[in-house]
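>>> Using only what follows, build the 3D model:
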Amino acid sequence: VQLQESGGGSVQAGGSLRLTCLGSHAPHCMAWLRQIPGREREAVATIHTSGGPTYSSDDIKGRFTISRDNDRNSMYLQMNSLKPEDSAMYFCAAKWFGRCGRLFPADYPYWGQGTQVTVSS
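Predicted structure coming up:
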């Protein structure tokens, strides 16, 4: 499985970005994860083939929207009201087995290279 992220960049606090993940297939579960240098990789949101999303927190749920287009083997993350603490490398990941609602990075065997998001105050 090939995964490629795009859409990262630098924005000011309160701004928006839309990340895109283009895959070679449409696995049953895809996820966005992020990693800040020196910290563990953390899941942000997951989405099932049917479109059912899971978010890591109410804060994320209130500002981010995960979606996917199975016909295009694509997944998106619309990020609004960005905060400096959202700054991280964002990764797209995929799996074919297991519960999609689990937010454990170790569940995902397939990863993209990442796209950097930097939010300045």
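>>> so how many other residues sit close to L3?
23 (other Cβ atoms under 10 Å). All C-beta atoms are positioned from the backbone trio N, CA, C, and that covers glycine.
>>> Could you point out the helix or strand that follows the host helix or strand of I60?
Assigned by DSSP states H and E, I60 falls within helix 58-63. For helix 58-63, the succeeding helix or strand toward the C-terminus, using DSSP H and E, is strand 64-69.
>>> ok, and what's touching that next one?
Strand 64-69 is contacted by residues 26, 30, 32, 44-47, 49, 51, 53, 55, 74-80 when judged by Cβ atoms under 8 Å, 6 or more residues apart in numbering.
>>> Helices - which of those land there?
Assignment to helices by DSSP state H places none of the contacts of strand 64-69 there.
>>> PyMOL command for the buried members of those residues?
PyMOL command restricting the contacts of strand 64-69 to the buried ones, with burial defined by 16 or more other Cβ atoms under 10 Å:
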select buried, resi 26+30+32+44+45+46+47+53+55+74+75+76+77+79
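>>> how deep is the nearest residue in space to C100 that is not next to it in sequence tucked in, by neighbour count?
In space, and not counting its chain neighbours, C100 is closest to C29: 3.8 Å by Cβ to Cβ, 6 or more residues apart in numbering. Neighbourhood size, C29 [other Cβ under 10 Å]: 22.
>>> ok, now which ones touch C29?
Taking Cβ under 8 Å, 6+ apart, one finds T46, I47, H48, T49, A94, K95, W96, G98, C100 in contact with C29.
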